[in-house]
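give me coordinates for this.
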Amino acid sequence: MKIKSYFARTVEGAMATARQELGSDAMLVNSRKTSLETRHLGEYEVVFATVAPGAEAAVAAAAMAPPVESNSLSAQPSSAQPFGERLATEVADLKKELESMRRAITRSAFAPAQWAGVAPDLSDAYAMLTASEVAPDIARDIVQSAGARLSGPRLSLSRSPGQIDAAAFQQALLEELQSRFQAAPTLGTGPGQPRIVALVGHPGCGKTTTLVKLAVNYGLAARRPVLLLSMDTQRVGAAEQLRSYAAILGVAFQVLETTNALAQAIEENRGKELIFIDTPGFALGDLEDSKSLAHFLSTRPDIDTHLVLSASMKSADLTRMVDAFEILRPQHLLFTKLDETGSFGPIFSEAARTGKPLSFFTTGQRIPEDLEAVTQARLVDLIMTGQNRKQAAA
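Modelled structure (predicted):
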């Protein structure tokens, strides 16, 4: 058996780290505030235990092994339990005890002070959501609301566990998750032409490759005339990269340095069906430089702005990034690099917190394959299983 401690600023954060490293079968043994000597590691410590991969197999083999024959008068009586069976029983009992401890500690961490107790299905759902890094306050409210769908007023969730039907609660939880965010994989702000899409975001989030994926999947594949516009004149080679893609795809391309030039280019290409605008990557400290672009986008209701974000960002950094980029008035959130993370709760939390619909996911570098339209069922599945399809197939 392996026992390991994890430290973090919150109990939920430490649990999420442990679950990500050890898997869902790991058992929570204890949680406590750290001592003065270990305070620098984090405010809280959680202790998890796992059974070594070969241990259960060894126990099972020992239990199945035939007894050793002996002519000795001191041979073990037939009524005595073989060693292998005793060991297997002890390990099983230990696992039950540890699992019971894990459930009790999780429930105590989950239950608000005014609750007398929480049904195991509810506390397990909360643990699952927070392990996926759904914001704790959002996770708690979702579980409360899912239970209330079955039980009536929220405070009745302290009823005995036997009064909650597990299958019905699972369905209520799925419905509650889906009700908290929107999925709108659309391009453009209306049925008219051209449909104009601008991608904004921080450096390295994958705007340019995502723009090309969108152009191929929703432009060329549907035989729609496409125009690619680049305003990214700050990053060395950025415009040339997009120019190369445009040449390969056989679509029109222009580099623009000012918003006035951008407005003129849009007017001159009203005959195109899709116009994609690539913008410079703005770090948090550089957003002052985006004022001209921000003013332009905020005065152009015909431009559909998608904020491109990396799914591998930490939750707190992601929230800070979304709030900072509000200056550019994005209508959608678009997440890239889903193949680089196993925690999808922050995506859900930001969609629920801001009310902005999710548009598209990218799951790798391949063009145009690694792009998918967001659906509610897809994100909920990511949260519940903790892996995307590419990871599952690996």
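
where exactly do the strands run in the stretch 201-350 of the chain?
Secondary structure of the stretch 201-350 of the chain (DSSP state E, counting those that start in this stretch): strands at 226-230, 252-255, 274-281, 303-310, 332-336.

isn't F344 up against D381?
No. F344 is not in contact with D381 according to Cβ atoms under 8 Å; the separation is 9.2 Å. In this view, the C-beta of every residue, glycine as well, is placed from N, C-alpha and C.

to S244, which of the strands of the stretch 201-350 of the chain lies closest?
Minimum separation from S244 across the strands of the stretch 201-350 of the chain (Cβ to Cβ) falls at strand 252-255, 9.4 Å.

and for that closest one, what's in contact with it?
By Cβ atoms under 8 Å, 6 or more residues apart in numbering, the list of residues contacting strand 252-255 from outside reads 226-231, 233, 239, 242-243, 246-247, 265, 269, 272.

on that earlier part again, which among the strands of the stretch 201-350 of the chain is found nearest to T17?
Closest among the strands of the stretch 201-350 of the chain, once you apply Cβ to Cβ, is strand 303-310, at 19.1 Å.

check which residues of that closest one are buried.
In terms of neighbour count (16 or more other Cβ atoms under 10 Å), strand 303-310 has its buried residues at 303-310.

got the contact list for Q178?
Per Cβ under 8 Å, 6+ apart, neighbours of Q178: 376-377, 380.

among those, the buried ones, what's the ChimeraX command?
Buried members of the contacts of Q178, defined by 16+ other Cβ under 10 Å, are picked up in ChimeraX with:
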select :376,380
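
nearest to T34, of the contacts of Q178?
Comparing these against T34 with Cβ to Cβ places V380 closest, at 34.5 Å.

dihedrals phi and psi, the closest one?
phi -60, psi -40 (degrees, to the nearest 10).

am I right that it is in contact with L174?
Yes. V380 lies in contact with L174 (Cβ under 8 Å); the separation is 6.1 Å.

hmm, back to that, could you point out which of the strands of the stretch 201-350 of the chain sits nearest Q170?
strand 332-336 (25.7 Å).

now the most centrally placed residue in the chain: how far from A311?
Centroid check for the chain by Cα atoms, centre = their mean gives F344 as the closest residue, at 0.6 Å. Noted for F344: a distance of 7 Å to A311, by Cβ to Cβ, to the nearest Å.

correct me, but L249 touches N217?
No. If you go by Cβ under 8 Å, L249 and N217 don't touch, sitting 11.5 Å apart.

just the buried ones from the contacts of strand 252-255?
Buried among those by 16+ other Cβ under 10 Å: 226-231, 239, 242-243, 246, 265, 269, 272.

biggest separation within the residues you listed, which pair?
A239 and K272 (19.0 Å).

one step back: S315: which of the contacts of strand 252-255 is nearest?
So of these, ranked by how close each gets to S315 (Cβ to Cβ), first place is M231, at 30.0 Å.

quick one: contacts for the closest one?
Per Cβ under 8 Å, 6+ apart, neighbours of M231: 255-257, 262, 277-280, 293.

take the residues you listed and lay them out in JSON lines including distance to T385 and pLDDT.
As requested, the contacts of M231 are exported to JSON lines (distance: Cβ to Cβ, whole Å; pLDDT from 0 to 100):
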{"residue": "V255", "distance to T385": "43", "pLDDT": "91"}
{"residue": "L256", "distance to T385": "43", "pLDDT": "90"}
{"residue": "E257", "distance to T385": "46", "pLDDT": "87"}
{"residue": "L262", "distance to T385": "42", "pLDDT": "92"}
{"residue": "I277", "distance to T385": "35", "pLDDT": "94"}
{"residue": "D278", "distance to T385": "33", "pLDDT": "92"}
{"residue": "T279", "distance to T385": "34", "pLDDT": "91"}
{"residue": "P280", "distance to T385": "36", "pLDDT": "87"}
{"residue": "L293", "distance to T385": "38", "pLDDT": "90"}
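
wait, which of these is closest to I196?
I277 (7.0 Å).

hmm, that closest one is touching I196, no?
Yes. Counting by Cβ under 8 Å, I277 touches I196, with 7.0 Å between them.

neighbour count winner among these two?
Ranked by neighbour count (other Cβ atoms under 10 Å), I277 and I196 place I277 first, with 26 against 22.
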